[in-house]
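Participant: need the 3D shape of this:
(chains A and B)
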Amino acid sequence: MTLGIGHTLVICEKPDAARRVSDALSGGTFRSELVDGMTVFRFTRKGEEFVVCSAQGHVYGVSDPAEERSVYPVFDVEWYSSELVDEDSANAARRISAVRKLAAGASRFVNACDFDVEGETIGFNLLKYACGGKEGTALRAKFSTLTEEDLVRAFDDLRPQTGQGLARAGRARHAIDFVWGVNFSRALSQSALSSGHRYRTVSVGRVQGPTLGFLVRREREIREFVPLPYWKVSGVFDRDGKRFNVDYSKEKVEEKVLAEKVRDDCVGKDAVATAVRRSTIQVGPPAPFNIGDLQKEAYRAFGYTPSRTLQIAERLYLGALISYPRTGSQRLPPSINYRGIIRGVGRAPEYSALAAELLKGEPKPVQGAKSDAAHPAIHPTGERPRRPLDSSESALLDLVTRRFLAAFGRSAQRELADITLGVDGHEFKLGGARTVFPGWMKYYGRYAGYRDVEFPAVSEGDRFGVVDVLVDQKYEQRPPRYNQSSLLEKMEKEGIGTKATRADIIATLVGRGYVTGESMQVTDLGLSVVETMARYAPSVIGTELTRDIEEKLEVVEAGSEGETALLRETVRSIARQLSELSANEEAVGKEIDAALVATVAKSFVLGRCPVCRTGELKIIRSKKTKKRFVGCSNYASGCRASAPLPQRGTVKVTPRACEHCSWPVVYVLGGGRPWRLCVNPGCPRKRTP
Amino acid sequence: MKCPICGREAVAELCSYHLAARDRVQEAYPLWVKAYGRMEWKEFLDNVKRNVQTGQWSKEIAEFLQGG
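Facilitator: Purely as a prediction, here's the structure:
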């Protein structure tokens, strides 16, 4: 391949984005070619030659020059090709080599990576290391969608990069996170190794530590929980032949004798409406989506984990169907062209009537409180998909589209009723609600989540017959475990992590074996890591230090040059806590190692043996045949419960029991879709044809 | 010294987790007595042990206290 002299080299963050940029700027006339295995795009625009290439996420990463994983503390870090620091980044060196070749013939450089901290860092590093120090002179293309209109506008308005606060903050964040993670993880892993068992990475990242701390605090509350009994009193009252369920005014009656007295006092008597309050309230439309809100709503509506939602949203963005998703903004500026997007959305039959209605007036959206200088709130582009979408993409696009349309809707009106009914000195409540004007709810459809509860037309003094009074014994519920959505919300509230990284941190906690399952149950290892850190390095699991660093990084993002001081300050803090940990290496090692052993052992226990009812069914590997099977821990005492297991794939223990035979159920992963298996070879369900 | 329930390092006679759970169980007893009018300690422990809302460590301590 020969390169013309003086071309403009455009660096995008992902290959799909590079193709979109080339398509938009060339009007579809671009040519593609391979340079060191990387597809690059070439075209001429307004007499100028353009070459568009792409990173694939981060092609540079931070590491320590010594690369000796048993050594800590480590405070000297350098930027390397990502494949040297992360085995998942296999093609980084080839990409860097390709960019180097393309940069050699370029006279102008454009950073067209996503305009946020990570995108700026990716572009900055490529311009600095692969393009020979062009990070200060390159131009910036800023866009929030990959539509032709937005991309052409961005490249007609290329500007010099100023300040580079985002990139400096991004590089500082990478360095701090590396120094933090590598030192504490090595300290814990080495301590456990010194207690005599095999090496296993026990990591504690800067945001991971406090997040695990939240989970452990909740886990302890759950495991220590002792429920208190209470009684719920309710009634069935009759008016004009129509029956209504009513609740006793005190939600929980703490003593059985008092609850029974209410019943005995009221049965067979009449109730009189002593107070009737009706009100109409306005319910404003929900704010446009930022990434956190989208992740929470997708979890509520579809059960998608935050990381899955982010992945789907990224795909929709790369397909030019929604705007850039990693945004903190809840605001939609007029510059996005409200009418144009609504018109585009309305071309789909399912939204045409809604869009037509909005276009009758002058559309003006509700704005949320949070803003983000880089990108607007997540919104649809109004473009039609160029490829068939899978069901999760369609679902998320529908959610984003409806939320966008809802933002332009008028406030809904709900009528609420609160009726107090007196019986022999006791009070019961009858409540109701109905939507009298749907407003934005019509646009948001099934996601709006308000339901109507019927209530009678009643005035003070009206009488009801008491048909029945029920006394139900209940117990207090233990606190709920965090799920991925509520944990994300907690992280946001506590100000730790960034909108781009929170979902990955949650996934890492699962990957490291600190929590299991969807219910985010903390393992012995997770408990032990937090307990150990609480004793010897409490700041690592507290939120204060992490939040303080985030706040200082935000100041750097905004243009201040405080990153060097922040790095120094962080290093000093890490060094202090490391010395405490290493002074107690033996004790730390014993605790972590014991938890590691317990966690590994538990991962083989399926549950109580349904045959002898005292032993535990476990996954065992035969010493003779090397095959795995299920056997009972009471084998030596005579229990012969056993079952074969698939020999391929990974068998994961679940807390579930088979509904047909009560034997344990496992998940089998690998070689296709994961499947559930009742381990009982004689399960009645397996005999059903 | 090891915790007789879970084998973890004991703080007093129990590990820190089961000590905390014992406190929760003991605090709950008078509240259960008040709720039902009367209840024996052993019956209370049996209820706590069988209740699906009771946390794992509190169930274990209830069983331990019943045995003691």
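
Participant: contacting residues around the helix or strand bottoming out on mean pLDDT in chain B?
Facilitator: Of the helices and strands making up chain B, the lowest-confidence element is helix B:56-67, at a mean of 94, by mean pLDDT, DSSP states H and E. Helix B:56-67 has contacts (CB atoms under 8 Å, 6 or more residues apart in numbering or on different chains) with A:223-226, B:4-6, B:14, B:17-18, B:20-22, B:24-25, B:42, B:45-46, B:48-49, B:54. The way it works is simple: take the backbone N, C-alpha and C, and place the C-beta from them, glycine included.

Participant: centre of the chain versus it, how much separation?
Facilitator: 4 Å (CA atoms, centre = their mean, to the nearest Å).

Participant: for it, C-alpha coordinates in PDB please.
Facilitator: Output of helix B:56-67 as PDB, limited to C-alpha atoms (Å, rounded to 0.1, in the frame of the first residue of the first chain):
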ATOM      1  CA  GLN B  56     -27.900 -18.000  58.800                       C
ATOM      2  CA  TRP B  57     -25.700 -17.000  61.800                       C
ATOM      3  CA  SER B  58     -28.700 -16.500  64.000                       C
ATOM      4  CA  LYS B  59     -30.100 -19.900  63.000                       C
ATOM      5  CA  GLU B  60     -26.800 -21.500  63.900                       C
ATOM      6  CA  ILE B  61     -26.500 -19.700  67.200                       C
ATOM      7  CA  ALA B  62     -30.100 -20.700  68.100                       C
ATOM      8  CA  GLU B  63     -29.300 -24.300  67.400                       C
ATOM      9  CA  PHE B  64     -26.100 -24.000  69.400                       C
ATOM     10  CA  LEU B  65     -27.900 -22.400  72.300                       C
ATOM     11  CA  GLN B  66     -30.600 -25.100  72.200                       C
ATOM     12  CA  GLY B  67     -27.900 -27.800  72.400                       C
END
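
Participant: B:Y36 contacts A:P229, correct?
Facilitator: Yes - the criterion here is CB atoms under 8 Å, and B:Y36 meets it with A:P229 at 7.1 Å.

Participant: so, low pLDDT: which residues of the chain?
Facilitator: Because you didn't say which chain, this covers chain A. A:1-5, A:67, A:83-90, A:163, A:196-200, A:517-518, A:603, A:655, A:670-673, A:687-689 (pLDDT under 70).

Participant: that's the wrong chain, I meant chain B
Facilitator: B:68.

Participant: which parts of it sit against chain A?
Facilitator: B:8-9, B:16-17, B:20-21, B:24-25, B:27-28, B:31-32, B:34-37, B:48, B:51, B:53-58 (CB under 8 Å from any CB of the partner chain).

Participant: thinking again about what came up before, can you check which residues contact both of B:Y36 and A:P229?
Facilitator: A:K256.

Participant: of the two, who's got more company?
Facilitator: Between B:Y36 and A:P229, counted using other CB atoms under 10 Å in any protein chain shown, A:P229 has the larger neighbour count: 21 against 16.

Participant: returning to that earlier point: could I get the buried residue list for the least confident helix or strand of chain B?
Facilitator: B:57-62, B:64-65 (16 or more other CB atoms under 10 Å in any protein chain shown).

Participant: which of those residues lies closest to A:R608?
Facilitator: B:K59 (13.8 Å; CB to CB).

Participant: gap between A:T570 and A:G495?
Facilitator: 17 Å (CB to CB, to the nearest Å).

Participant: between these two, which one's more packed in?
Facilitator: A:T570 (22 against 13).

Participant: so where does the more buried one fall, helix or strand?
Facilitator: helix A:563-583 (DSSP states H and E).

Participant: please enumerate residues in contact with that helix?
Facilitator: Outside helix A:563-583, the residues touching it (CB under 8 Å, 6+ apart) are A:72-73, A:75, A:168-169, A:171-172, A:175-176, A:179-180, A:183-184, A:187-188, A:191, A:536-537, A:539-540, A:545, A:549, A:552-553, A:556, A:588.

Participant: what's in contact with the strand or helix carrying A:A275?
Facilitator: Using DSSP H and E, A:A275 maps to strand A:270-283. With CB under 8 Å, 6+ apart as the test, strand A:270-283 has contacts from A:235, A:237, A:246, A:411-423, A:427-428, A:436, A:439, A:441, A:450, A:458-466.

Participant: now the helices: where do they sit in the stretch 451-600 of chain A?
Facilitator: Here the stretch 451-600 of chain A has its helices, by DSSP state H, counting those that start in this stretch, at A:484-494, A:502-511, A:524-536, A:544-557, A:563-583, A:585-602.

Participant: and of the ones you listed, who's closest to A:G205?
Facilitator: Of the helices of the stretch 451-600 of chain A, nearest to A:G205 by CB to CB is helix A:502-511, at 6.9 Å.

Participant: which stretches in chain B count as helices?
Facilitator: B:16-36, B:41-50, B:56-67 (DSSP state H).

Participant: relative orientation of the last one and helix B:41-50 in degrees?
Facilitator: It refers to helix B:56-67. Here helix B:56-67 runs at an angle of 150 degrees relative to helix B:41-50 (axes from the mean of the first three to the mean of the last three CA atoms, to 10 degrees).
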